[in-house]
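*Asks:* requesting a structural model of the entry that follows:
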Amino acid sequence: MISERFLPAFRLRAGGDFQRVYDRRCSASDRLILIYVGENGLPHSRLGLSVSRKVGAAVVRNRWKRLLREAFRLSRVELPEGIDIVVIPRADAEPALEPLKASLVRLARRAADKLRGS
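*Replies:* Model (predicted):
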């Protein structure tokens, strides 16, 4: 059984890692979120969050971050392996866990296909 814990190994923290993903320019989006992906050379995916003040006050930004981390944690086995995922929420979207899970998996697969195709 695979652990569903959100360990530090699954987090993207360093600014250089974020920049490497942004420089790769491989993205996918829908009405809820925009994601960028890049290879990481690891046997698992990592999640980075970029939630700006345009999304709302601190309470709203923190809610987005909690829900995105939970969506990643619960759907980690469905996500492509070996990629870093940077998620940026849309300012006018309303956060909810189930739509975020579905959106994250769908967009990560689409962006990973584009990444491996290029």
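
*Asks:* any low-confidence regions in this protein?
*Replies:* Applying pLDDT under 70 to the chain picks out residues 1-3, 118.

*Asks:* can you map out the strands along it?
*Replies:* Along the chain, the segments classed as strands by DSSP state E run 26-29, 33-39, 46-49, 83-89.

*Asks:* skipping its backbone neighbours, what lies nearest Phe18 in space?
*Replies:* Using CB to CB, 6 or more residues apart in numbering and skipping residues adjacent in sequence, the residue nearest Phe18 is Gly48, 5.6 Å away. For the C-beta atoms, the positions are set from N, CA and C on the backbone; glycine is no exception.

*Asks:* now swap in Asn40 and tell me
*Replies:* In space, Asn40 is closest to Asp84, 4.6 Å off (CB to CB, 6+ apart).

*Asks:* one more: Pro43?
*Replies:* Leaving out its chain neighbours, Pro43 is closest to Glu81 (CB to CB, 6+ apart), at 6.1 Å.

*Asks:* what is the burial count for Arg110?
*Replies:* When neighbours are counted by other CB atoms under 10 Å, Arg110 registers 18.

*Asks:* ok, it to Arg11 distance?
*Replies:* Distance, Arg110 to Arg11, by CB to CB, to the nearest Å: 23 Å.

*Asks:* what does Arg116 give?
*Replies:* In terms of CB to CB, Arg116 sits 23 Å off from Arg11.

*Asks:* no further queries at this time; thank you.
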